[in-house]
Structures are given as structure tokens and as C-alpha cells.
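> Give me a 3D structure for the following:
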Amino acid sequence: MKTRPGICQKKRRFASREAAEQVALRADVTLRAYKCALCKAFHLTSRTKGLRRPRAAGDGDATSRKA
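Below you'll find the predicted structure:
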């Protein structure tokens, strides 16, 4: 995820992924931690765009497709 400088400056910074995830667990919405390429600290985001998720069993398998 690429964070713009203005967004980075407004977000809370965490020294570790673990510290960010502890705060995320207490939030009312689903948040995930990521390392910012600008400040090298960790931020929290609710966005999932571009997040790679493991494929479910059978996804992309030719035998599981409908004819």
C-alpha cells in the first residue's frame, strides 16, 4: 500500500506491527497494520484494496468449474 505524505502525517504511528495490531483489536471496525514506506513506522488501515488473500480450495481449479 502506498501512503501519500499528507495521509501519513495525519495517521498515528506505531513502532511495531504488534503494537498496531493491539490497538486494532480494540477498534469497532476491522483494521490491519501495514508498514509505511514513507516513515518506516506502522499505521492502521481499514482498506483491503490490493490486499492479497489466500485462495479458497478449488478456486481456479478446472475441475471445480461449472460446464
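
> In the chain, which helix is the longest?
Longest helix in the chain, counting residues (DSSP state H): helix 17-25.

> and that helix, what's its mean pLDDT?
In this model, helix 17-25 carries a mean pLDDT of 98.

> can you check stretch 4-11 too?
93.

> Heading C-terminal from the longest helix of the chain, find the next helix or strand.
Where DSSP states H and E defines the elements, the next helix or strand beyond helix 17-25 is strand 32-35.

> returning to that earlier point: please identify the buried residues of the longest helix of the chain?
By 16 or more other CB atoms under 10 Å, the buried positions in helix 17-25 come out as 20, 24. For the C-beta atoms, the positions are set from N, CA and C on the backbone; glycine is no exception.

> what distance separates that helix from the centre of its chain?
Relative to the centre of its chain, helix 17-25 is centred 12 Å away, using CA atoms, centre = their mean, to the nearest Å.

> Take that helix, keep the C-alpha atoms, and write them as CSV.
Extracted as CSV, the C-alpha positions of helix 17-25 are listed here (Å, rounded to 0.1, in the frame of the first residue of the first chain):
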residue,chain,number,x,y,z
ARG,A,17,3.3,-4.3,14.0
GLU,A,18,2.4,-5.9,17.3
ALA,A,19,1.7,-2.5,18.9
ALA,A,20,-0.5,-1.5,16.0
GLU,A,21,-2.4,-4.8,16.0
GLN,A,22,-3.1,-4.5,19.7
VAL,A,23,-4.9,-1.2,19.0
ALA,A,24,-6.7,-2.7,16.0
LEU,A,25,-8.2,-5.4,18.2
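
> ok, for the most centrally placed residue in the chain, nearest residue in space, not its chain neighbours?
In the chain, the centroid-proximal residue (CA atoms, centre = their mean) is residue 32; its distance is 4.4 Å. Spatial nearest neighbour of residue 32, excluding adjacent residues (CB to CB, 6 or more residues apart in numbering): residue 45 at 6.2 Å.
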